[in-house]
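Peer 1: everything below, folded, please.
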Amino acid sequence: MKKLILTTAVLALTAGVSFADTIRMGTEGAYPPYNFINDNGEVDGFERDVGDELCARAELTCEWVTTDWDSIIPNLQSGNYDLIIAGMSITEERREVLAFTQNYIPPTASAYIGLSDDIDVSTAVISAQTGTIQAAHVAQSGATLLEFANPDESVAAVRNGESDAVFADKDFLVPIQAESNGQFSFIGDDVPLGDGIGIGLRKSDTELKAKLDTAIGSMKDDGSLNVLIKKWFGEDAITY
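Peer 2: Got it, this is the predicted structure:
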């Protein structure tokens, strides 16, 4: 799950969502299995399933909007959509400019993968997606940080020798490592970061936040959220 680090303060809009209108759900569409664009050109993945179910339970009419990760918060504040559901971990820094629902994925781990499992990640060149909490972690670790605009580029940097390892959400890296035919290995221990994934909203949208919190809570209570977590992340995934 992606963990955006805010580098500039963004002022929230004061106008709230009108529930007579369609709720526009902003996502990246480039971070499987959380969200991606399928062969039909539609948003797909874990968050598509969760988002559609939340809208049904909250009795909201919703539509999906995609945007680049590095502009996902400014576009929310500019009114281009009404919420962010994009693998965004809840952090104290982000709470300064956003309101968050309760999490819909528990806190999970980040991890390193590289072409060898004996790389010293504290001194190596590490690639990470720009604007993420993983990138901030690397920058503070003593390693050399190499940032890329999207997660696939950060993985490609290891393959082409630009970096020694990539640091990202483990859920994102597991299928990449598994499908690499032994090219990639996990390095060292998992690194816990963030407080779980939540939906980000403008602070003014208190009514929408309350509706979504109630819907998320109901999915936790009846077990349907755990079903979707296991569907997309496997039977061994961390659940509620």
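
Peer 1: next secondary structure element downstream of the lowest-mean-pLDDT helix or strand in the chain?
Peer 2: Sorting the helices and strands of the chain by mean pLDDT, DSSP states H and E puts helix 92-95 at the bottom, at a mean of 90. Tracing the chain past helix 92-95, the next element assigned as helix or strand by DSSP states H and E is strand 99-100.

Peer 1: buried residues, stretch 57-67. List them.
Peer 2: If you call a residue buried by 16 or more other CB atoms under 10 Å, then stretch 57-67 has these buried ones: 57-58, 60, 62, 64-67. Bear in mind the C-beta positions are built from the backbone N, C-alpha and C, glycine included.

Peer 1: end to end, how far does that stretch reach?
Peer 2: 25 Å (CA to CA, to the nearest Å).

Peer 1: ok so, going back, could you export the buried residues of stretch 57-67 as a markdown table, including distance to Met88 and secondary structure?
Peer 2: What follows is the buried residues of stretch 57-67, written out as a markdown table (distance: CB to CB, whole Å; DSSP: H, G, I helix; E, B strand; the rest coil):
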| residue | distance to Met88 | secondary structure |
| --- | --- | --- |
| Arg57 | 21 | helix |
| Ala58 | 19 | coil |
| Leu60 | 19 | coil |
| Cys62 | 17 | strand |
| Trp64 | 15 | strand |
| Val65 | 15 | strand |
| Thr66 | 14 | strand |
| Thr67 | 12 | coil |
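
Peer 1: Asp213 and Gln102 touch, don't they?
Peer 2: Yes. Counting by CB atoms under 8 Å, Asp213 does reach Gln102; the two are 5.5 Å apart.

Peer 1: distance of the spatially most central residue of the chain from Ile72?
Peer 2: By CA atoms, centre = their mean, the chain has its centre lying nearest to Gly87, at 1.9 Å. Note on Gly87: its distance to Ile72, by CB to CB, to the nearest Å, is 10 Å.

Peer 1: list the residues that contact both of these two?
Peer 2: The contact sets of Gly87 and Ile72 overlap at Glu28 (CB atoms under 8 Å, 6 or more residues apart in numbering).

Peer 1: what helix or strand is Glu63 on?
Peer 2: strand 62-66.

Peer 1: just the CA atoms of whichever helix or strand comes after that strand, as CSV, please.
Peer 2: Using DSSP H and E, the next helix or strand after strand 62-66 towards the C-terminus is helix 72-77. Extracted in CSV, the C-alpha atoms of helix 72-77 (Å, rounded to 0.1, in the frame of the first residue of the first chain):
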residue,chain,number,x,y,z
ILE,A,72,-3.6,12.8,-6.3
ILE,A,73,-4.0,15.1,-3.2
PRO,A,74,-3.9,18.5,-5.1
ASN,A,75,-6.5,17.2,-7.5
LEU,A,76,-8.8,16.2,-4.5
GLN,A,77,-8.4,19.7,-3.0
